[in-house]
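Asker: The sequence isn't on hand, but the structure is:
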Ligand SMILES: C[S@@+](CC[C@H](N)C(=O)[O-])C[C@H]1O[C@@H](n2cnc3c(N)ncnc32)[C@H](O)[C@@H]1O
C-alpha cells in the first residue's frame, strides 16, 4: 500500500487542479459533473457523483460570465449559508476560479473586501483573469496553503470554503489557521464532503479518489473534533440533502461509510484571544 505523505497529497492535488485550470474551456463546460469533462471534483460521471457535487446555488449566479460558472468545482452553496452583510471582510479557502469570491464581493460591496487563497498557481492566474472579466475590484487572490495562510491574524469576519478542506492532508491545521485569521466573533460557513464512518487505510491511500474529493473526506466526528480543538464553538454540520438534522454530535456508523456534502458553520467566540 502506498503511503500518502502530506507533501505528496499537496503535489497531486495541485497537479490535478492546475490541469483543470489550464485545460478549462467554456464551451466544454456546463456543470461540475458535465459529460466528458474531467474538470470536476467528481471525476467519474455517475448519478451519485452528480448529486454529491451539484452546487445548487440558491444565490444568484446569472450575472456571472460562463468562464466563472463553468469553473465551479464546489459541492454546495457557502454564499447562502454565510448570509453576508455589507462591509464585511471575507476569506475563501481554496478559491479556485473565484466563483464564491465574486458572489461574496458583490454582497459585501465597496466597503467590504474578499480574499481568496489557493495553492495552485494556474488557479490563481485563472481567478485573476476572471476578476478582470467580472470587473470587481474588492477581491484579491493570494497564492498559499490553507494550512498556513498568507493572511493577517484577527482580520476576517467570515470564512467561506467550497469543497476544499477534504483535500487537505492536515484538517486540524486548516481549522487552527482559520481560527487565527478570524476576528473574535467571526465565523465559518463551509460546504465540504464529509463521511459518517471511516474509510479503510487502503481506501484513504487511493490518490485519484483523494484528489477527486472522496478519500480525503473525514468522518463527521473527527471533522467536528478538529473544529472544536481549534477553539470554535456553536459548531453545526448538516447534510445538504437533509438540512433539518444536526450531525455535529452524531456517532459514526462503523460498518458502512456514507459520503455526503455537508453545510458546516462555527463561531470564533467573542472573547477569544
Ligand atoms: C474542488 S476545487 C474547489 C474550487 C472552488 N472552491 C469552487 O467551489 O469552485 C479545490 C481547490 O482548492 C485548492 N486547494 C486544495 N487543497 C488546498 C490547500 N491545501 N491549500 C490551498 N488550496 C488548496 C485547489 O487548488 C483547487 O483550486
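Answerer: Perfect, thanks for sending it. Model, not experiment: these values are computed from the prediction.
Asker: How many neighbouring residues does residue 132 have?
Answerer: 8 (other CB atoms under 10 Å). Bear in mind the C-beta positions are built from the backbone N, C-alpha and C, glycine included.
Asker: how close does it sit to residue 68?
Answerer: Using CB to CB, to the nearest Å, residue 132 is found at 11 Å from residue 68.
Asker: what's the most centrally placed residue in the chain in contact with, if anything?
Answerer: The centroid of the chain falls nearest to residue 162 when counting by CA atoms, centre = their mean (2.6 Å). Contacts here follow CB atoms under 8 Å, 6 or more residues apart in numbering; on that basis residue 162 touches 55, 73-76, 78, 92, 94, 96, 99-100, 190-192.
Asker: Out of these, which sit inside helices?
Answerer: Counted as lying in helices by DSSP state H, out of the contacts of residue 162, are 78, 99, 100.
Asker: who wins for most neighbours among the residues you listed?
Answerer: Within the ones in helices among the contacts of residue 162, residue 78 tops the neighbour count with 32 neighbours, counted by other CB under 10 Å.
Asker: Backbone torsions only: list them for the closest residue to that one other than its chain neighbours.
Answerer: Closest residue to residue 78 apart from its sequence neighbours, by CB to CB, 6 or more residues apart in numbering: residue 160 at 4.3 Å. Main-chain torsions, residue 160, degrees, to the nearest 10: phi -110, psi 160.
Asker: any idea how far residue 160 is from residue 86?
Answerer: Residue 160 is 16 Å from residue 86, by CB to CB.
Asker: Please identify which of these two sits among more neighbours.
Answerer: For residue 160 and residue 86, the more surrounded residue by other CB under 10 Å is residue 160, and the numbers stand at 27 against 10.
Asker: What separation is there between that one and the ligand?
Answerer: 8 Å (CB to the nearest ligand atom, to the nearest Å).
Asker: contacting residues for the residue nearest to residue 78?
Answerer: 78, 79, 82, 90, 91, 92, 93, 100, 104, 189, 190.
Asker: Looking at these, which one is closest to the ligand?
Answerer: Distance to the ligand across the contacts of residue 160 (CB to the nearest ligand atom) is lowest for residue 100, with 5.9 Å.
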